[in-house]
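Chemist: Below are the sequence and a predicted model; questions follow.
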Amino acid sequence: MPTIRCTLCQTPYPPQGFPYRCPECGGTFDIDAPPQFDPAQIDPSLPGLWRYRHTFDLSADAPLVTLGEGSTPLLWQSVQGHSVGLKLESLNPTGSYKDRGSAVLVSQLLARGAQRAVEDSSGNAGASFAAYAAQAGLPARVYVPESASGPKRDQIERYGAELIAVPGPRSAAAQAVLMEAEQGVPYASHAYLPYGLPGIATIAYELWESLGRQAPGSVIAPVGHGGLLLGLVRGFAALLQSGSIARLPYFVGVQAAACAPLVLAARQGAAALENAPEGATIAEGVRVRRPVRGEALLAEIPPTRGCFVAVDELRILPAFDQLARRGVFVEPTSALAWAALLDNLEKLPAPIIVILTGLGLKYRPH
């Protein structure tokens, strides 16, 4: 069974408590193998992504916290003569793919006895965590950068979470929440805690089922901390490991040119993850200077199996508008993936799947 361990010293995650980093060496925790997927154990009686509960490593008595996440539409579009599938993760309950991770994460927190929790976010993860915490009756506090989109901030507060707006860049909110985490408050971090990754991996299983139990040729997704793309990579790895597919898709991770640490690291080496600039970008969901899952992505997506690309700032809003003209209203972070599609359409193996991560109603121009 896959085990959560420190990526540096291999210490297993402790059976009690909620450390977000390894107490022994300060390393990052991660799952040491793909989920264990078994087609025979898919349970259609459970809602949405919970039909894949056997892949989550939840105890049998763990609560099932759900708002109906998963089972999102796959919308096929003709793009310059190519058939492209848009996976509408923007239609999850709180309007973003983060709900897949939040459902499993909050269920794990309750199973481990959490009485309250804190989180930090540019908006979507915070809104998602606040919603699932509300559903679970778990008091929550969410730190966001002061520049976070107004609708996302409103959403967090409407769910009943306490919102703390932190002046400065996205990284300042991440630093602020650590003060509480260091005092022992459970830090429900979508970036540091790997519990949500198996939930995100369910996107891969849904695509596999939608494509007639086949793998897509290519998958394009935005990358901030890297949880979305890493969850996809591991979901398809689980399918391959189980014999359900014969090959992995080609993965394209997309960042904004103003903040593109993985693009730099793919060219210059992993050390670039420590020194990448954090420029302002309208794609606030990927404004992450030091992605927690960056090294894992570089290790698990070799150049033969994928790439990382950057989209210039002036191209993001036109891509946002182009999707809207097709009746697909997403936020600018999602539009990164559309812009990358247009740049690479002729090069990518078919069928191509684009992951659209967040709903356009969350975006309000400043």
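Modeler: Nice, I can see it. Numbering: from 1, shown residues only.

Chemist: Please report phi then psi for Arg51.
Modeler: Per-residue torsions, Arg51: phi -60, psi -20 (degrees, to the nearest 10).

Chemist: What segments of the stretch 201-350 of the chain are strands?
Modeler: Assigned by DSSP state E, counting those that start in this stretch, the strands in the stretch 201-350 of the chain fall at 218-222, 250-256, 306-311.

Chemist: other SSEs contacting the second one?
Modeler: By that I understand strand 250-256. Contact here means 3 or more Cβ pairs under 8 Å, 6 or more residues apart in numbering; DSSP states H and E; on that basis strand 250-256 packs against strand 218-222, helix 227-241, helix 261-268, strand 306-311, helix 332-344. C-beta coordinates here come from the backbone N, C-alpha and C atoms, glycine included.

Chemist: I'd like to know which of the ones you listed lies nearest to Thr28.
Modeler: Thr28 lies closest to helix 227-241 among the helices and strands packed on strand 250-256, at 12.0 Å (Cβ to Cβ).

Chemist: I'd like to know which of the helices and strands packed on strand 250-256 lies nearest to Ser45.
Modeler: Shortest distance between Ser45 and those, using Cβ to Cβ, is found for helix 227-241: 21.4 Å.

Chemist: tell me the residue furthest from the middle of the protein?
Modeler: Gly81 (29.9 Å; Cα atoms, centre = their mean).

Chemist: Could you check the pLDDT of that one?
Modeler: What the model reports as pLDDT for Gly81 is 95.

Chemist: SS state for Ile200?
Modeler: helix (DSSP: H, G, I helix; E, B strand; the rest coil).

Chemist: how about the nearest residue to it once chain neighbours are set aside, what does it touch?
Modeler: Among residues not flanking Ile200 along the chain, Gly231 sits closest, at 2.8 Å (Cβ to Cβ, 6 or more residues apart in numbering). Neighbouring residues of Gly231 by Cβ atoms under 8 Å, 6 or more residues apart in numbering: Arg100, Gly101, Gly196, Leu197, Pro198, Gly199, Ile200, Ala201, Ile203, Ala204.

Chemist: repeat that for 6 Å
Modeler: Leu197, Ile200, Ala201 (Cβ atoms under 6 Å, 6 or more residues apart in numbering).

Chemist: one step back: let me know which of the helices and strands packed on strand 250-256 is tucked in deepest.
Modeler: Greatest average neighbour count among the helices and strands packed on strand 250-256 goes to strand 218-222 (a mean of 27), per mean count of other Cβ atoms under 10 Å.

Chemist: and that one, which strands flank it?
Modeler: Sheet pairing of strand 218-222 (DSSP bridges) gives strand 250-256 (parallel), strand 352-356 (parallel).

Chemist: mind giving me CSV with the ones you listed and columns for distance to Ile156?
Modeler: Output for the strands paired with strand 218-222, formatted as CSV (distance: least, Cβ to Cβ, whole Å):
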stretch, distance to Ile156
strand 250-256, 23
strand 352-356, 22
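
Chemist: Now the most centrally placed residue in the chain. Nearest residue, chain neighbours left out?
Modeler: By Cα atoms, centre = their mean, the chain has its centre lying nearest to Leu228, at 3.0 Å. Once flanking residues are discounted, Leu228 sits nearest to Ala221: 5.3 Å by Cβ to Cβ, 6+ apart.

Chemist: Could you check the pLDDT of that neighbour?
Modeler: At Ala221, pLDDT is 98.

Chemist: Name the residues linked to it by a beta bridge.
Modeler: Bridge pairing for Ala221 - DSSP bridges - gives Gly253.

Chemist: Enumerate every residue touching it.
Modeler: So Ala221 contacts Leu228, Leu229, Ile355 (Cβ under 6 Å, 6+ apart).

Chemist: I figured the second one was touching Gly253, is that so?
Modeler: So the one you mean is Leu229. Yes - counting by Cβ atoms under 6 Å, Leu229 touches Gly253, with 4.9 Å between them.

Chemist: circling back to that earlier point, do you know how far the residue nearest to Ile200 is from Arg247?
Modeler: 19 Å (Cβ to Cβ, to the nearest Å).

Chemist: same deal with Ala215?
Modeler: Distance of Ala215 to Arg247, computed by Cβ to Cβ: 6 Å.

Chemist: These two: who's more crowded?
Modeler: Using other Cβ atoms under 10 Å as the criterion, Ala215 and Arg247 rank with Ala215 on top: 22 against 12.

Chemist: What about the spatially closest residue to the more buried one that is not a sequence neighbour, how many residues nearby?
Modeler: Spatial nearest neighbour of Ala215, excluding adjacent residues (Cβ to Cβ, 6+ apart): Ile245 at 4.2 Å. Counted by other Cβ under 10 Å, the residues lying close to Ile245 total 20.

Chemist: Equivalent analysis for the one 3 residues further on, please.
Modeler: With neighbours defined by other Cβ under 10 Å, the count for Leu248 comes to 18.

Chemist: What's the separation between it and Pro349?
Modeler: From Leu248 to Pro349 the distance is 11 Å (Cβ to Cβ).

Chemist: Does Glu119 lie in a helix or a strand, and which?
Modeler: strand 117-120 (DSSP states H and E).

Chemist: Now do that strand: which elements does it pack against?
Modeler: Where contact means 3 or more Cβ pairs under 6 Å, 6 or more residues apart in numbering; DSSP states H and E, strand 117-120 is packed against strand 140-145, helix 170-181.
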